[in-house]
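J.: Fold the following for me, if possible:
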Amino acid sequence: MKKFTWIIIVSAAAIFLVYHFSVQSKNNRLETALANQYSNQLTSASEKLIKLSDSIDQTLLFQDKEALDQPLEDVWRISSDVRDSISALPIDHQTSTVWMNYLNRIGNGASLVKEGKIPIEDWQKSMKDARANLISLSDQWAFTNRDAGKKDYIVTTFVNNKVNKENEKNWKTLGDSVKAYTESDFPMTASETDKQKKKDLKHIEDSEVTIEQMKQKFAELFPELKDATLHITESSKDAPYPFYHIQFHKGIRIGYADFTKKGGHLLSYLMERPFDKTTISVEEMKKKTSTYLKSFDYTDTEMVDYRENNIAWHAAFARVDKENDALIYADGIQLKIAKDNGELLGLNAMEYIQKENIGKQEIVPLDYKELFSGDFSIEEERLAYVENKELQQRLAFEVLTRNDSIGTYKTYIDAQTHEILHTEKLP
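T.: Have a look, this model is predicted:
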């Protein structure tokens, strides 16, 4: 009998341990799920606060009523969006209420300025402090960077804030509230984007080149690869336009190049090889890119941006309109230059070959003092073609403005209607 009782006790203990570890494991999984959920919510709220701060910055940039209309609308809209995010965060009621009221005042203030009930000067004065407060709050909520993003920190701070001492909201209730997160829709891949662009190349009117002519042109454009092994294929019959695909191999160098069959225009180029640790200067890089573009007969371009990583310089060019010297950003070329010796690693000239249809447009002089607030100074200005909301190419004043408090902005203003087409803050 004692032996039987002992077996029952041992069995019960085993069942209890299995149940205990099962519950503990379930709770650990729930903690992880909650930590992920709250981390995502906090990160999202932090990002929205940065957007709100950027929108407020734009209301400090202008003094013209029409130019201020969209930035003020953005402040009202984003402040409402941030309030919704804060209401979903697992923070204490007092903190939530304070920030909800603060954001509500910002949103209502923007609406009143837009309606002309508050002078823009009063708004701009008060917002200089408000933007700093928003950035500070965003930094506090960037939990992915705090304590190395450890789960325990988020669980201790936020999960336990939901499960209070009286345990009024038990684990099951919390578990029911955890929603599955899925990745947002991926943007188009590079190949899909290229395919979409290639559809616009149907109407190239140049005469076709043969495979032998293509081999000769490849050797002329890339003399260092003239004795490389080439494999040339033509596009399939159902391709949106005819082109040649050239694969090459020479020693440690392998890659490919695409040329239109009509005219033999270089569309894209990619080459891979090992890299040394040496680095050419910016000036050398600029000279190299200029030389490459001249050899490809893409001479009507100007460099508009360049960046670097550990192995390469990435340079962006735009076509320059011969009529008014305006940049046509939609007609762009991107180059990838090796940092060790300036060798061409990649090129994409698809947009350049597409060539936008640019119409005639009147240029109406603009007094920047009437548009921008007095706190900004004009650093640079030129003409450029950019898209409006209807995706039409419009000639615009490209104006670089600087303010010591909130930074440097690039603004595009329709040269005829003086509509603000785009505003971006520069790093």
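
J.: Please work out how many residues are found near Y102.
T.: Residue neighbour count, defined by other C-beta atoms under 10 Å, stands at 17 for Y102. Yep, even glycine has a C-beta here, placed from its N, CA and C like the rest.

J.: Please apply the same query to F376.
T.: 24.

J.: I'd like to know how far N324 sits from I232.
T.: N324 sits 41 Å away from I232, taking C-beta to C-beta, to the nearest Å as the criterion.

J.: swap in W76?
T.: Between W76 and I232 the computed distance is 58 Å (C-beta to C-beta).

J.: Which one of those two is surrounded by more residues?
T.: W76 (20 against 16).

J.: does L72 belong to a helix or a strand, and which?
T.: helix 65-88 (DSSP states H and E).

J.: Off-centre distance for that helix?
T.: What separates the centre of helix 65-88 from the centre of its chain is 20 Å, taken as C-alpha atoms, centre = their mean, to the nearest Å.

J.: Please enumerate residues in contact with it?
T.: Residues from elsewhere that reach helix 65-88, judged by C-beta atoms under 8 Å, 6 or more residues apart in numbering: 41, 44-45, 48-49, 51-52, 55-56, 58-59, 61-62, 96, 99-100, 103-104, 106-107, 110-111, 113-114, 116, 120, 371, 418-420, 423.

J.: cool, stretch 295-311 as well?
T.: In contact with stretch 295-311 (C-beta under 8 Å, 6+ apart) are residues 221, 266, 275, 282, 285-286, 289, 293, 313-320, 322, 327, 329, 332-333, 338-340, 347, 349, 352.

J.: tell me which helix or strand of this structure sits lowest on mean pLDDT?
T.: None of the helices or strands of the chain scores lower by mean pLDDT, DSSP states H and E than helix 171-177, at a mean of 37.

J.: and the contacts of helix 65-88, which of them are in helices?
T.: Judged by DSSP state H, the subset of those located in helices is 41, 44-45, 48-49, 51-52, 55-56, 58-59, 61, 96, 99-100, 103-104, 106-107, 110-111, 113-114, 120, 371.

J.: what sits against K336?
T.: Taking C-beta under 8 Å, 6+ apart, we find K336 in contact with A312, W313, H314, A315, L344, L345, G346, L347.

J.: The same query, at a cut-off of 7 Å, please.
T.: A312, H314, L345, G346 (C-beta atoms under 7 Å, 6 or more residues apart in numbering).

J.: In the beta-sheet assignment, what are the partners of it?
T.: In this entry, K336 is beta-bridged to H314, G346, by DSSP bridges.

J.: Report the separation between it and I311.
T.: Distance, K336 to I311, using C-beta to C-beta: 9 Å.

J.: so H265 sits right up against I353, yeah?
T.: Yes: if you go by C-beta atoms under 7 Å, H265 and I353 touch, sitting 5.3 Å apart.

J.: Show the buried residues in the ones in helices among the contacts of helix 65-88.
T.: 41, 44-45, 48-49, 51-52, 55-56, 58-59, 61, 96, 99, 103, 106-107, 110-111, 113-114, 120, 371 (16 or more other C-beta atoms under 10 Å).

J.: in stretch 392-405, what counts as buried?
T.: Q393, R394, L395, A396, F397, E398, V399, T401, N403.

J.: ok, which stretches of the stretch 251-400 of the chain are strands?
T.: 253-260, 266-272, 301-308, 312-320, 327-338, 344-348, 377-387, 393-403 (DSSP state E, counting those that start in this stretch).

J.: In the protein, where is pLDDT below threshold?
T.: 1-40, 87-98, 136-203, 238-240 (pLDDT under 70).

J.: and S126, what are its phi and psi?
T.: Backbone torsions of S126, given as degrees, to the nearest 10, read phi -70, psi -30.

J.: Distance of it relative to I120?
T.: For S126 relative to I120 (C-beta to C-beta), the value is 11 Å.

J.: Next: E212.
T.: From E212 over to I120 (counting by C-beta to C-beta), the distance is 68 Å.

J.: what's the answer for K65, then?
T.: 8 Å.

J.: Check L391 too.
T.: According to C-beta to C-beta, L391 stands 31 Å off from I120.

J.: same deal with R319?
T.: 38 Å.

J.: With E272 instead?
T.: 55 Å.

J.: what about K128, how many neighbours?
T.: 14.

J.: SS state for it?
T.: Going by DSSP: H, G, I helix; E, B strand; the rest coil, the secondary structure assigned to K128 is helix.

J.: Contact partners for it?
T.: Counting by C-beta under 7 Å, 6+ apart, K128 has contacts S405.

J.: give me that answer again for 8 Å
T.: Going by C-beta under 8 Å, 6+ apart, K128 touches L60, S405.

J.: cool, T423 as well?
T.: Taking C-beta under 8 Å, 6+ apart, one finds Q58, L61, P71, Y409, K410, T411, Y412 in contact with T423.

J.: Out of those residues, flag the one nearest to D227.
T.: The nearest member of these to D227, counting by C-beta to C-beta, is K410 at 46.2 Å.

J.: what about that closest one, neighbour count?
T.: Neighbours of K410 under the rule other C-beta under 10 Å: 16.

J.: P71 versus that one, what's the distance?
T.: Per C-beta to C-beta, K410 is found 15 Å from P71.

J.: How about F62?
T.: Between F62 and P71 the distance is 7 Å, computed by C-beta to C-beta.

J.: Tell me which of these two has more neighbours.
T.: F62 (26 against 22).

J.: Now do the residue nearest to that one when sequence neighbours are not counted against V113, distance only.
T.: Among residues not flanking F62 along the chain, L68 sits closest, at 5.0 Å (C-beta to C-beta, 6 or more residues apart in numbering). Remark: distance between L68 and V113 (C-beta to C-beta) = 7 Å.

J.: Residues in contact with both of those two, list them for me.
T.: Here L68 and V113 have T59, I120 as joint contacts, going by C-beta under 8 Å, 6+ apart.

J.: Which parts of this protein belong to which domain?
T.: Using automatic domain parsing, the domain ranges for the chain come out as 10-177, 190-354, 368-426.

J.: would you turn those domains into TSV with distance to Q361?
T.: Shown next, in TSV, are the domains of the chain (distance: least, C-beta to C-beta, whole Å):
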stretch	distance to Q361
domain 10-177	19
domain 190-354	9
domain 368-426	5
